[in-house]
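**Student:** Predicted model follows, preceded by the sequence.
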Amino acid sequence: MNVLGYTFKDKSLLQKALLHSSARQGENNEVLEFLGDALLGFVVAEELFKMHPDWDEGMLSRARAYLVKEESLGNVAKKLGLGKYLRVGKEGERDGYRENISILADAFEAVLAAIYLDGGIRPVRAIIRRLLLKDIDEDEIYDDRSRLQEIVQSKFKEVPKYRVVSEKGPPHRRMFKVVVEISGKVVGEGEGRSKKLASQRAAGVAMKWLKEHEGV
């Protein structure tokens, strides 16, 4: 696999980064994912700090959150075709893990960690710059919940209300469904592995609803 433009000296690191727990073949990529998440947060924060010395702490925090969120990473991994290199079990093949945004995001973080262990921080930094930091649209870095609240407060003089309507799955793979209401009307719903992520997705749906029905 050379989709990231990096050649491994120790290919076993890459193999581990692409081994999903569903494959049940010994060590999987979860520990590498942990390290990759930390590396990603640090490098993105450092690069934003250098690229935008005029931004305040709030702007930098929103930009980092936007760039490292699950959807952003998963979509990058999907464009790279990372899913076809994942090793998953029968369950994973059946349930479409190779196209699952959350699983792809985790795999991308694990691969970054593997690259770091194999070649240091420099290639990791180069990949993050190329894939995540090349073009930043300032209009998009405000998270959907924040943007929705600003619009609803301005137009309706109230704040959106979020409500968890269901929880399912084992504790380590919990899935939440959240709806968002404006003036007592459900205008969006979303699912995610945390209440926060489900709320963000619900807010994104609500933003589309407002555009279609209120011309916002």
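**Tutor:** Thanks, I have it. All values reported here derive from a predicted model rather than from experimental measurement.
**Student:** From Val76, how far out is the one residue sitting closest to the centre of the chain?
**Tutor:** In the chain, the C-alpha nearest the mean C-alpha coordinate belongs to Glu70, at 1.0 Å (CA atoms, centre = their mean). Using CB to CB, to the nearest Å, we find Glu70 at a distance of 11 Å from Val76. Backbone N, C-alpha and C define where each C-beta goes, glycine included.
**Student:** same check, this time on Gly41
**Tutor:** Counting by CB to CB, the gap from Gly41 to Val76 is 15 Å.
**Student:** Comparing these two, which shows the higher neighbour count?
**Tutor:** When Gly41 and Val76 are compared on other CB atoms under 10 Å, the one with more neighbours turns out to be Val76, at 18 against 15.
**Student:** and that one, helix, strand or coil?
**Tutor:** State at Val76, reduced to three classes by DSSP: H, G, I helix; E, B strand; the rest coil: helix.
**Student:** Quick check: the closest residue to it other than its chain neighbours vs Glu70, distance?
**Tutor:** If the residues on either side of it in the chain are set aside, Val76 comes closest to Leu131, at 5.3 Å by CB to CB, 6 or more residues apart in numbering. Leu131 sits 15 Å away from Glu70, taking CB to CB as the criterion.
**Student:** Only the buried residues of stretch 75-92, if you could.
**Tutor:** 76-78, 80, 82-83, 85-86, 88, 92 (16 or more other CB atoms under 10 Å).
**Student:** how far is the longest helix seen in the chain from where the chain is centred?
**Tutor:** In the chain, with assignment by DSSP state H, the single longest helix is helix 30-51. Helix 30-51 has its C-alpha centroid displaced from the chain centroid by 13 Å (CA atoms, centre = their mean, to the nearest Å).
**Student:** Report the rounded mean pLDDT for it.
**Tutor:** Helix 30-51 carries an average pLDDT of 95.
**Student:** Could I get the CA-only coordinates of it as CSV?
**Tutor:** Output in CSV follows, covering the C-alpha atoms of helix 30-51 (Å, rounded to 0.1, in the frame of the first residue of the first chain):
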residue,chain,number,x,y,z
GLU,A,30,-6.7,-0.1,18.6
VAL,A,31,-3.6,0.9,20.5
LEU,A,32,-2.1,2.4,17.3
GLU,A,33,-5.3,4.3,16.9
PHE,A,34,-4.9,5.8,20.4
LEU,A,35,-1.4,7.0,19.5
GLY,A,36,-2.5,8.3,16.1
ASP,A,37,-5.3,10.3,17.7
ALA,A,38,-2.8,12.1,20.0
LEU,A,39,-0.3,12.7,17.2
LEU,A,40,-3.0,14.1,14.9
GLY,A,41,-4.3,16.5,17.6
PHE,A,42,-0.8,17.8,18.3
VAL,A,43,0.4,18.2,14.7
VAL,A,44,-2.8,19.9,13.6
ALA,A,45,-2.7,22.3,16.6
GLU,A,46,0.9,23.1,16.0
GLU,A,47,0.4,23.7,12.2
LEU,A,48,-2.7,25.9,12.7
PHE,A,49,-0.8,27.9,15.3
LYS,A,50,2.0,28.6,12.8
MET,A,51,-0.3,29.1,9.8
